[in-house]
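Colleague: Here's a sequence, model it:
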Amino acid sequence: MEGKEELKKAAEIYKDWTKLAIFDDKGAVIHSSEEIDVAELKEFLGSFDDRDKTVGKGLTLDKEHYDVHRCYDNLVYGRKGKPGNCQGICVYKFQNEKAKKNMFAVVTWGGYATSARIVPELQEYCKKYVATL
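Modeller: I've put the predicted structure just below:
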C-alpha cells in the first residue's frame, strides 16, 4: 500500500486507536488521523536517547500529558488517568526499508484496550504498511 489514503484505510481496522501519526526523523508528518502539533512530534524524536529523562518527563500529545512506564530501544509507552478510565500512548521507532532511515509512529487508545494488544498492532501496521513506503 502506498499513499496517505491507503495508510488511512489500513489504520481503520484497528478500532481502538484514537489518534495515529506517522512521521520521519525530522518530524515531517507522513500520515495523521487528525491535526497534530509538529512541535510535539519533534519532542518524541529524543524519547529514545535517555530513558531516565523520558520516564521523568513523560510524553505530550495534543496538549495531553502521559506518564511513561515502559521505555525500550524502539518503544516508549505509557498512560494517563486511572484504571478503568485511562488513555494509553505508544511511540514506536522503526526503519523504512527503502530509504534506510528511521521513522516514527505514535498511537493513542482508550477504553479497555491495553498496551499488550495495541503495541503489537502498531508494530504490525508499521511493518506491513509504512516500512516499505
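Colleague: now the strands for this protein?
Modeller: Residue ranges of the strands in the chain, as given by DSSP state E, are 17-24, 29-32, 59-61, 64-71, 75-82, 85-96, 101-109.
Colleague: quick one: which of those is nearest K127?
Modeller: The minimum distance between K127 and these falls on strand 85-96, with 7.2 Å, by CB to CB. All C-beta atoms are positioned from the backbone trio N, CA, C, and that covers glycine.
Colleague: Can you list the low-confidence ranges for this protein?
Modeller: 1-2 (pLDDT under 70).
Colleague: Point to the residue nearest the middle of it.
Modeller: In the chain, the residue lying closest to the centroid (CA atoms, centre = their mean) is V106, at 1.3 Å.
Colleague: And that one, how close does it get to I118?
Modeller: 12 Å (CB to CB, to the nearest Å).
Colleague: Tell me the buried residues in stretch 67-82?
Modeller: Across stretch 67-82, burial judged by 16 or more other CB atoms under 10 Å covers 68, 71, 75-80.
Colleague: Closest one of those residues to A131?
Modeller: Using CB to CB, the buried residues of stretch 67-82 come closest to A131 at L75, 15.0 Å.
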